[in-house]
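dropping a prediction and its sequence here:
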Amino acid sequence: MTTRLDKRFARLQAEGRAAFVTFTTAGDPDPETCFDILKGLPAAGADVIELGMPFTDPMADGPAIQASSLRALRNGMTVLKTLDLVRRFRESDNETPIVLMGYYNPIYRMGVETFLSRARDAGVDGLIVVDLPPEEDDELCVPALQAGLNFIRLATPTTDDKRLPAVLANTSGFVYYVSITGITGSASPQAQNVAEAVARIKRHTPLPVAVGFGIKTPEQAAAIARAADGAVVGSAIIDQIAHDLDENGKAKPGAASRVLAFVRSLADGVHNARAAAAE
């Protein structure tokens, strides 16, 4: 079955450009501002949207995304409300792929079968669940694939050639290469190192490789877009949201528009990267 992710990456490949993948946390800084940002992301240049499911212990995430999860949880965000955001988004956009990113505990609590059914019905295209290794594929990965959802796996600088086949075995949609060791937002990737890592992964899989962690500026995004099939930006967008909160932690008037303007600057970096390199 061809998914929205498959179609989007195939189209971008035909156009000769990399994907710009954005990450925001569902319900941050509040449900309505979050939705205003979410529905504006495609027009701001997002090719794929990652939507974080808020969790109390996001161990792979740095301070910015941890804080966004806590803001969302304080505002009453849940997995069901996250799926409602996706459902609202699908009322006006049936093409942009949405990937839910998060941790297994909330899915386990809901029940895998129930979660997958509700996610598919809401219009979710794929999952990134960072605390389930390949050895646990029967837990969620295989059922997700059987339900028609892509399951995106993370590869890291420490994932060697011996480990890669296990990581890639049931991966679909794209491979998410974590360009640095550590947590999100903690350092910036080096383009040459990324290019070498992407080439190594591609020796093992025909899937697109998107690179994330540490991309903060249009220039960094452009450098990654020249080396990979996609550039993922999360913490920098979350930082922009946090900068537009007042002293009470509420979104300032016009916050969504300013966040989307920042997203557009990153998207321009990604989308113009290869054209600039060819000149």
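Yep, it's here.

tell me where this protein has strands.
19-25, 48-52, 98-102, 126-129, 150-151, 154-155, 175-178, 209-212, 230-233 (DSSP state E).

and among those, the most buried is which?
strand 230-233 (a mean of 28; mean count of other Cβ atoms under 10 Å). All C-beta spots, glycine's among them, are computed from the backbone N, C-alpha and C.

give the contact list for the spatially most central residue of the chain.
In the chain, the residue lying closest to the centroid (Cα atoms, centre = their mean) is residue 50, at 3.2 Å. The contact partners of residue 50, by Cβ atoms under 8 Å, 6 or more residues apart in numbering, come to 21, 22, 23, 24, 98, 99, 100, 101, 128, 232, 234.

just the pLDDT at the fourth one, thanks.
You'll see residue 24 listed with a pLDDT of 97.

so who does it touch?
Here residue 24 is in contact with 34, 37-38, 41, 49-52, 68, 234, 237-238, 241 (criterion: Cβ under 8 Å, 6+ apart).

from residue 110, how far off is it?
21 Å (Cβ to Cβ, to the nearest Å).

what does residue 261 give?
In terms of Cβ to Cβ, residue 261 sits 36 Å off from residue 110.

who's more crowded, these two?
residue 110 (17 against 13; other Cβ atoms under 10 Å).

how about low-confidence regions in the stretch 151-279 of the chain?
181-191, 274-279 (pLDDT under 70).

run the last query once more with 50
Applying pLDDT under 50 to the stretch 151-279 of the chain flags the ranges 183-186.

stretch 98-111: how far from the chain's middle?
Taking Cα atoms, centre = their mean, to the nearest Å, one finds the center of stretch 98-111 at 14 Å from the center of the full chain.

how about stretch 144-158?
12 Å.

ok, and what's touching that stretch?
In this structure, residues lying in contact with stretch 144-158 by Cβ under 8 Å, 6+ apart are 1, 3, 5-6, 99, 116-117, 119-120, 124-130, 134, 140-141, 164, 167-168, 170-181, 193, 197, 201.

check what pLDDT the residue nearest to the centre of the chain gets.
pLDDT, residue 50: 98.

now do it against residue 43, distance only.
For residue 50, the distance to residue 43 - Cβ to Cβ - is 17 Å.

again, but for residue 262
In terms of Cβ to Cβ, residue 262 sits 14 Å off from residue 43.

who has more neighbours out of the two?
residue 262 (19 against 13).

can you pull the contacts of the more buried one?
Going by Cβ under 8 Å, 6+ apart, residue 262 touches 236, 237, 240.

wait, residue 202 sits on residue 208?
No - if you go by Cβ atoms under 8 Å, residue 202 and residue 208 don't touch, sitting 9.2 Å apart.

more crowded one of the two?
Neighbours were counted for residue 202 and for residue 208 using other Cβ under 10 Å; residue 208 has more, 23 against 15.

mind listing what the more buried one touches?
9, 13, 19, 174, 175, 229, 230.

quick check: the first one vs residue 210, distance?
Computed with Cβ to Cβ, the distance linking residue 9 and residue 210 is 9 Å.

wait, residue 105 touches residue 55, no?
Yes - taking Cβ under 8 Å as the definition, residue 105 is a contact partner of residue 55 at 6.9 Å.

tell me which of those two has more neighbours.
Between residue 105 and residue 55, counted using other Cβ under 10 Å, the more crowded position is residue 55 (21 against 14).

mind listing what the residue nearest to that one when sequence neighbours are not counted touches?
Spatial nearest neighbour of residue 55, chain neighbours left out: residue 103 (4.7 Å); criterion: Cβ to Cβ, 6 or more residues apart in numbering. Applying Cβ under 8 Å, 6+ apart, we find residue 103 in contact with 53, 55, 57, 58, 59, 129, 130, 131.

from those residues, pick the one nearest residue 83.
For those, the residue nearest residue 83 by Cβ to Cβ is residue 53; the value is 9.2 Å.

ok, the closest residue in space to the closest one that isn't next to it in sequence to residue 177 distance?
Residue nearest to residue 53 in three dimensions, not counting chain neighbours: residue 102, with 3.4 Å by Cβ to Cβ, 6+ apart. Distance from residue 102 to residue 177, counting by Cβ to Cβ: 19 Å.

dump the strands of the chain into CSV; add distance to residue 250 as well.
CSV is the format used below for the strands of the chain (distance: least, Cβ to Cβ, whole Å):
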stretch, distance to residue 250
strand 19-25, 16
strand 48-52, 20
strand 98-102, 25
strand 126-129, 29
strand 150-151, 35
strand 154-155, 34
strand 175-178, 32
strand 209-212, 29
strand 230-233, 24
